[in-house]
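# could you work out the structure for the sequence below:
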Amino acid sequence: MLRRVNAALEKALYLLGGALFVVFIVVVLFQIGSRNLMPGTFVWTDEVAMFCFVWSVFLGAAVGLRRGVHYVVEILPQRFTRANQALMLLALILCLPLIWVLAVNGWSYADMSWRRYSFSLGYPMFYQNVVVAIAGGAMALFAVEQVLRCISVLRGDKTGDHKAGDDNA
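Numbering: from 1, shown residues only. Reported below is the predicted structural model:
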């Protein structure tokens, strides 16, 4: 059940983050072109680019956690499956405090920014900052799934022997 929920959440975050990254690229290209081809500048492009960049980075970090594509230092060869799973479980447990900070303090940070407004567009900065809490919540769900999978592999269950992003196992 958790794997299906996380798969749907991962897909949504991946698509939203990718779309925002495309918007970021288009806005930056427009900004560069307008500086060189037009007499005036468009101040709003900075804010739109920053908004899209921040959202795509945090959503991408959450997706990266589920897919297991963050930086990894491999200490043991792959044939030491159980030892590597134990080390992965330790790494996930050590990541949980950071995920807690992102989710809980990210929400506090976003909540404090209701009265701060963007300079040119005038929207509350809450909408830019809330992604920290959203990514933290998604990372918490993804980490629980990963921890359960590692425990399953360490117990010797064959059903747990799949990649985190693989939904067919």
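
# from here on, contacts and neighbour counts on C-alpha atoms
OK.

# determine the longest helix present in the chain.
Secondary structure of the chain per DSSP state H: the longest helix is helix 2-37.

# for the helix or strand just after it, packing partners?
Following helix 2-37 in sequence order, the next helix or strand is helix 44-67 (DSSP states H and E). Packed against helix 44-67 by the contact rule (3 or more CA pairs under 8 Å, 6 or more residues apart in numbering; DSSP states H and E) you find helix 2-37, helix 126-155.

# which residues are in contact with helix 44-67?
10, 13-14, 16-18, 20-21, 23-25, 27-28, 31, 70, 118, 120-121, 128, 131-132, 135-136, 138-139, 142-143, 146, 163-165 (CA atoms under 8 Å, 6 or more residues apart in numbering).

# circling back to that earlier point, now, of the helices and strands packed on helix 44-67, which is deepest in the fold?
Highest mean neighbour count of the helices and strands packed on helix 44-67: helix 126-155, a mean of 21 (counted as mean count of other CA atoms under 10 Å).

# quick one: mean pLDDT for that one?
Averaging pLDDT along helix 126-155 gives 94.

# cool, and stretch 2-12?
The average of the pLDDT scores along stretch 2-12 is 96.

# could I get the helices and strands packed on helix 44-67 as a markdown table with distance to E74?
Output for the helices and strands packed on helix 44-67, formatted as a markdown table (distance: least, CA to CA, whole Å):
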| stretch | distance to E74 |
| --- | --- |
| helix 2-37 | 25 |
| helix 126-155 | 16 |
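
# nearest to L94, of those helices?
Across the helices and strands packed on helix 44-67, L94 has its closest neighbour in helix 126-155 (10.7 Å, CA to CA).
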